[in-house]
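J.: my questions concern the predicted model and sequence given below.
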Amino acid sequence: MNYKFFTQKQKGTPQSQPIPGREAEMIQGRSGGWMFDAGIWKMLRRCLLIGTAKSTYYAGKQELTEDFVAVVREAVAKNPTRVAEEILYASDGRSINNSAPILALVLLSMGEAPEAKKAFQEIFPQVVRTGSHFYEWLNYTKSLRGFGKVIREVGKNWLSREDVKGLAYQLLKYQQRQGFSHRDALRMFHVKPTTEDQQLLFNWVIKGWEELPTQIPSEALAQIWWYEWLKRNPDQTHEAISKGRLTHEMAAPVGKMDRQAWQLLFNQMPIGAMLRNLGSLTELGVLRADACDNLRRVEAVLNNKEHLRKGRIHPIDVLKALKTYESGGRLGRSQKTWNPVTRIVDILETAVELSFEVVEPTGKAFMHAVDVSGSMSSLVADMGLSCCEIATTMALVTAKAEKNYTIRGFATDFRNLDITAKDSFSSAVRKASNQNFGGTDASVAYDWMIKHKFKADVVCFWTDSESWAGYKHPSQALEEYRKKVNRNVKAVYVTLAPYRISLVDPNDPLSWDLAGFDPNTPRVIQMLATGEL
């Protein structure tokens, strides 16, 4: 026994201290470790993509959202146009849901500069696309700022659009949300009809139809006519669904729903609704192992890359659907239980992979370091998924696109997770979750690669970036790895929590910090690997 471990000179700085001479560039994370300051723009993108409405391991949702709001306000004051671009980027199917972009949209409208108001007006219809979005925006607006001239203008424009058929669909599907009804909105924004169809639609919203017109007034109002007809003829649900193309939100509250009614809904069900209702459709017997035509439709919809993109289906939504469906109803909010159909599980596995952007193998050697420390056990938003599960999924998608890869897990050691590209996402998630414990030291990945002379072209970290337990900083360990193994190695840190910290040395041209949960991340990593970016 001796004290060499204590007396020998350390090659790095403990992560509990800032790197000497770099103090001004670093901030202390909530874990106590010191990391580089990611800055407001990286923080903004993380918050928009990940959201802050769920507590993490190190911070509550109130604290996280206060940080988010402060960052948006600071960014709006500096460059409102860039904030608008970030909101649009996140809202276009990249954020795990549209709530964070909608909150940021309200904060953008509160900017003092004319450019902020203008940017808000320009992007409003692209962010607030559905009746549900509209109600959520109203709720945040009422709470944070009130209804001034700019707000009344965009609200009035949204409710008086020329596409009356599309507006009627939204007003019928989402009749009230978040304490508001469309009657409230029409009165609040003083919307005046400019066409006969608008007049009939607004009359229906405000007063309803005491008497059903003997004929459908116009194609634009056909769904509303059939909805009103079904209210008066609930025994004729099948006819109303077939001829009126009613969705389950329209038909279920007023019709008599049986298996055949759900079959008719399934026949025309859009991709988002199908993904959410797989369990219910199985429980009802619409989806069964011997219902071959129905299973073929599920596959044709969910395993179509273009359908996934147009439906703005986020990969994490598909992963959530996979985990919930495979559980047979034990997970998630469903009150129902079902026996999962194996083929649907296979279809969802394929859909997870298809929902990410990847290309042909680059031929580079990848080391995927998945953070399996205790802090990664925190659930993300309302997904019912942990940070560790999502990190594992994103790492596996990136690995599946390549031929030369290794996937390991880091906490205070660098563990073999026994995950390969042949793993299903379900099995990979289980393997990682079984080892989800311990402190966090990202530098151990480099130590292991130095010891084993593992020559990686790209090292990908999937982490919340709260590294605190090591005797040297990850950037120092990377520098050592470059000296001893591969001086040209590239490092990519994918941050999966809405914190303003980074493990990337801003002076390192071969290291990148990416915001988590973006479906484009695997493709971006491939482009970084080949030098396209």
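T.: It's in.
J.: and the longest helix seen in the chain, what's buried?
T.: Of all the segments of type helix in the chain, defined by DSSP state H, the longest one is helix 61-78. Neighbour-count burial for helix 61-78 flags L64, T65, D67, F68, V69, V71, V72, R73, A75, V76 (criterion: 16 or more other Cβ atoms under 10 Å). Backbone N, C-alpha and C define where each C-beta goes, glycine included.
J.: could I get stretch 186-201 in CSV with only the CA atoms?
T.: Output in CSV follows, covering the C-alpha atoms of stretch 186-201 (Å, rounded to 0.1, in the frame of the first residue of the first chain):
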residue,chain,number,x,y,z
LEU,A,186,-64.8,34.9,-32.6
ARG,A,187,-66.2,37.4,-30.1
MET,A,188,-62.7,38.4,-28.8
PHE,A,189,-61.3,39.1,-32.2
HIS,A,190,-64.5,40.7,-33.7
VAL,A,191,-64.3,38.5,-36.8
LYS,A,192,-66.6,39.6,-39.6
PRO,A,193,-67.6,37.1,-42.3
THR,A,194,-66.8,38.1,-45.8
THR,A,195,-68.4,35.1,-47.7
GLU,A,196,-71.6,33.2,-47.4
ASP,A,197,-69.7,30.1,-46.2
GLN,A,198,-68.0,32.1,-43.5
GLN,A,199,-71.3,33.5,-42.4
LEU,A,200,-72.8,30.0,-42.1
LEU,A,201,-69.7,28.7,-40.3
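J.: residues touching it, excluding its own?
T.: 147, 152, 155-156, 159-160, 164, 167-168, 171, 185, 202, 205-206, 217-218, 220-221, 224 (Cβ atoms under 8 Å, 6 or more residues apart in numbering).
J.: swap in 7 Å and give it another go.
T.: 147, 152, 155-156, 159-160, 164, 167-168, 202, 205-206, 217-218, 220-221 (Cβ atoms under 7 Å, 6 or more residues apart in numbering).
J.: list only buried entries from these.
T.: 155-156, 159-160, 164, 167-168, 202, 205, 217-218, 220-221.
J.: among those, which ones are in helices?
T.: Members of the buried ones among the contacts of stretch 186-201 lying in helices (criterion: DSSP H): G155, K156, L159, V164, L167, A168, F202, V205.
J.: show me which of those residues is closest to I501.
T.: G155 (38.0 Å; Cβ to Cβ).
J.: any figure for the gap between the closest one and S426?
T.: 44 Å (Cβ to Cβ, to the nearest Å).
J.: quick one: stretch 207-217 to chain centroid distance?
T.: Relative to the chain's own centre, stretch 207-217 is displaced by 41 Å; criterion: Cα atoms, centre = their mean, to the nearest Å.
J.: and the contacts of it?
T.: Residues from elsewhere that reach stretch 207-217 (Cβ under 7 Å, 6+ apart): L200, A222, W225, E228, W229, R232.
J.: the strands in the stretch 201-350 of the chain, which residues?
T.: With DSSP state E, counting those that start in this stretch as the definition, the stretch 201-350 of the chain shows no strands.
J.: helices along that one, start to end?
T.: Under the criterion DSSP state H, counting those that start in this stretch, helices of the stretch 201-350 of the chain are mapped to 222-232, 237-244, 248-251, 259-267, 271-283, 292-302, 305-310, 315-326, 342-354.
J.: of those helices, which stretch is the most buried?
T.: Highest mean neighbour count of these: helix 315-326, a mean of 24 (counted as mean count of other Cβ atoms under 10 Å).
J.: which residues of the stretch 251-400 of the chain score low on pLDDT?
T.: Within the stretch 251-400 of the chain, the segments meeting pLDDT under 70 span 332-334, 381-383.
J.: flag the shaky bits of the protein, pLDDT-wise.
T.: For the chain, residues meeting the criterion pLDDT under 70 lie at 1-10, 332-334, 381-383.
J.: so which residue is smack in the middle of it?
T.: Residue closest to the mean C-alpha point of the chain, counted by Cα atoms, centre = their mean, is I96 at 1.5 Å.
J.: which SS class is that one?
T.: Secondary structure, DSSP: H, G, I helix; E, B strand; the rest coil: I96 is coil.
J.: go through the buried ones among the contacts of stretch 186-201 and name the one nearest L44.
T.: Set against L44, the nearest of the buried ones among the contacts of stretch 186-201 by Cβ to Cβ is G155 (25.4 Å).
J.: ok, then the element right after the helix or strand where V397 lies?
T.: Assessed by DSSP states H and E, V397 sits inside helix 387-400. Note on helix 387-400: by DSSP H and E, the next helix or strand toward the C-terminus is strand 404-410.
J.: angle of the host helix or strand of Y89 against helix 61-78?
T.: Y89 belongs to helix 80-91 when elements are defined using DSSP H and E. Calculated by axes from the mean of the first three to the mean of the last three Cα atoms, to 10 degrees, helix 80-91 forms an angle of 140 degrees with helix 61-78.
J.: list the contacts of P506.
T.: Residues near P506 by Cβ under 7 Å, 6+ apart: E25, F36.
J.: heads up, I number from 514, so please use that
T.: OK, 514 is where the count begins now, so the last one is P1019.
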